[in-house]
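Undergrad: Following is a predicted model, sequence given first.
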Amino acid sequence: MMQRRSFLKLIAATAGLPFRYSHADAKDATISGNIPVLILEGPPRNRGHIHGESLRTQIQGILAAWRDMLHAATGIEPNLIVQDIIANTGFKKSILRFTPEYWEELEGIAEGADVPLDDLFVLNLPDEHRWYLQAKQAGIALAPIEQCTTLGFAPTDNTPTLMGQNMDIPSASEGFEVLFDIRDDKSGIRSMVFSIAGLIGVIGMNNQPLGIGNNSLKQLAVSVNGLPVNFILRGLLNKTNAEEAITFLHDIPHATGHNWMIGDKNEVRTFECSAMDIQEFVPMDLTGIIYHTNHPFVSEVSSTYLALHKDTPPQHGSSEARFEVLLRLIYAHTGKAPSIEFIKSVLSNQDNTSLPISRPHNPTDPDATYTAASLIMELSNSPRLHLAPGPPHQTTYTMYSL
């Protein structure tokens with residue numbers, strides 16, 4: 001297996017070149033804003049094959065880097081971790097019950113990339129396998145999941161619904177980013193989904209239009225029998241409006257504490273979801289404006305989280321720091337019309353230099369969090385996605401029309 005450093009050099013050397021699908025029915029891929037755009041079409045397994053075959057080298061590379069990180073963080077052989085998670089959780093059962101087509105898509109990715117399905121499955125549980133390992137080995141300090149800043153503006157007479165998010169993930173993911181253009185021939189829904197090679201999706205919007213944002217809330221109750229985050233995302237993006245998406249949120253069991261921001265042409269709302277409860281967060285003094293970072297505003301902290309952190313003093317961390325800056329910027333904009341440029345300025349903010357909203361890549365620490373992408377969604381009759389494939393204070397946004 002190629003070493004990660006050599007692999008990233010290869011990625012850097014070919015970043016400006018379009019890659020081709022190896023699938024017989026596929027068209028050329030394109031490079032836009034230094035991020036590959038990959039069209040996934042046909043039934044679920046076919047979409048997975050296109051993903052796996054086209055990104056085989058990337059998927060094999062990120063799986064190797066991920067396994068190295070697991071071993072370094074736990075001291076346990078990665079195969080044992082993977083099999084432990086599969087044997088002692090009901091994640092697959094929930095996926096097969098609530099989102100079976102995405103399990104079939106995952107099987108297609110594994111076949112196309114020629115990688116073990118078990119490894120790829122657990123790779124697609126980035127939130128879940130972290131808290132699972134923390135619960136299993138309470139004495140081992142894994143990297144905290146304090147990532148992502150979301151904000152949304154309800155439609156006005158002159159502006160459509162607008163949603164913005166910075167997607168913050170571990171630095172080891174740098175070089176593996178991809179934008180999927182997913183075309184579901186059964187439903188007619190077309191989605192633009194930011195992801196990492198091998199993952200079924202991280203964040204996105206569809207052409208209905210429906211936009212989905214999300215923030216990890218590690219403080220909330222978790223369940224080994226719930227539906228994992230990435231599969232919830234794809235399930236939400238298969239809905240046609242906010243009402244359908246919100247109903248789906250209430251109909252499924254949640255594996256991981258998470259905030260979901262949901263918007264369509266008519267509204268934008270946000271929900272703190274846990275294995276025990278769902279609570280809508282409505283800022284009482286800011287009509288038509290929604291926001292969130294990575295600590296709960298209306299939900300109770302779980303007993304499991306308190307037990308795991310009983311010896312850790314409360315900290316004013318990244319989530320709180322980003323929230324303070326976010327709220328200050330929103331209040332300063334009160335009375336003015338929401339705009340793409342204002343959201344860009346918020347998501348690019350560096351006022352708190354040590355804990356900024358736009359977080360730079362840290363090449364020396366593969367588990368340090370950075371802003372892998374910044375997305376702004378225009379949810380109108382002509383929906384558009386603005387994507388900066390990296391920290392937005394350093395990266396230019398590219399617009400995609402759906």
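TA: That came through fine. Numbers count the residues shown, from 1 in each chain.
Undergrad: ok, the closest residue to residue 383 other than its chain neighbours - contacts?
TA: Spatially, and ignoring its direct neighbours in sequence, residue 383 is nearest to residue 209 (3.6 Å; CB to CB, 6 or more residues apart in numbering). Where you see a C-beta, it was placed from the backbone N, CA and C, and this is true even at glycine. Residue 209 makes contact with 264-265, 377-380, 383, 402, according to CB atoms under 8 Å, 6 or more residues apart in numbering.
Undergrad: possible to save the residues you listed as TSV with neighbour count and distance to residue 293?
TA: Shown next, in TSV, are the contacts of residue 209 (neighbours: other CB atoms under 10 Å; distance: CB to CB, whole Å):
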residue	neighbour count	distance to residue 293
264	24	23
265	16	26
377	32	18
378	21	23
379	25	22
380	14	26
383	24	25
402	18	27
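Undergrad: Report the separation between the residue nearest to residue 383 and residue 112.
TA: In this view, residue 209 and residue 112 are 29 Å apart by CB to CB, to the nearest Å.
Undergrad: With residue 67 instead?
TA: 20 Å.
Undergrad: Pick out whichever of those two has more residues nearby.
TA: The neighbour comparison of residue 67 against residue 112 (other CB atoms under 10 Å) goes to residue 112, with 23 against 19.
Undergrad: Straight-line length of stretch 184-192, end to end?
TA: 12 Å (CA to CA, to the nearest Å).
Undergrad: so where is the stretch 51-200 of the chain shaky, pLDDT-wise?
TA: For the stretch 51-200 of the chain, the stretches with pLDDT under 70 are 138-147.
Undergrad: how about stretch 71-82: buried residues?
TA: Within stretch 71-82, the residues that qualify as buried are 73-74, 78, 81-82, counting by 16 or more other CB atoms under 10 Å.
Undergrad: From the residues you listed, which land in strands?
TA: Residues of the buried residues of stretch 71-82 located in strands (DSSP state E): none.
Undergrad: By residue count, which helix of the chain is the longest?
TA: The helix that spans the most residues within the chain, counting by DSSP state H, is helix 56-74.
Undergrad: That one - contacts with which helices or strands?
TA: Packing partners of helix 56-74 (3 or more CB pairs under 8 Å, 6 or more residues apart in numbering; DSSP states H and E): helix 4-14, helix 78-87, helix 100-113, helix 117-123.
Undergrad: Out of those, which is closest to residue 308?
TA: Nearest to residue 308 among these is helix 78-87 (17.5 Å), distances taken as CB to CB.
Undergrad: and the angle from the closest one to helix 56-74?
TA: 90 degrees (axes from the mean of the first three to the mean of the last three CA atoms, to 10 degrees).
Undergrad: contacts for helix 78-87?
TA: Contacts to helix 78-87, defined as CB under 8 Å, 6+ apart, come from residues 67, 70-71, 74, 91-92, 118-119, 121-122, 125, 128-129, 132-133, 136.
Undergrad: So for residue 319, what's the nearest residue that isn't a sequence neighbour?
TA: Per CB to CB, 6+ apart, closest to residue 319 is residue 294, 3.7 Å.
Undergrad: doesn't residue 220 make contact with that neighbour?
TA: No - contact criterion CB atoms under 8 Å: residue 294 and residue 220 do not qualify, at 10.9 Å.
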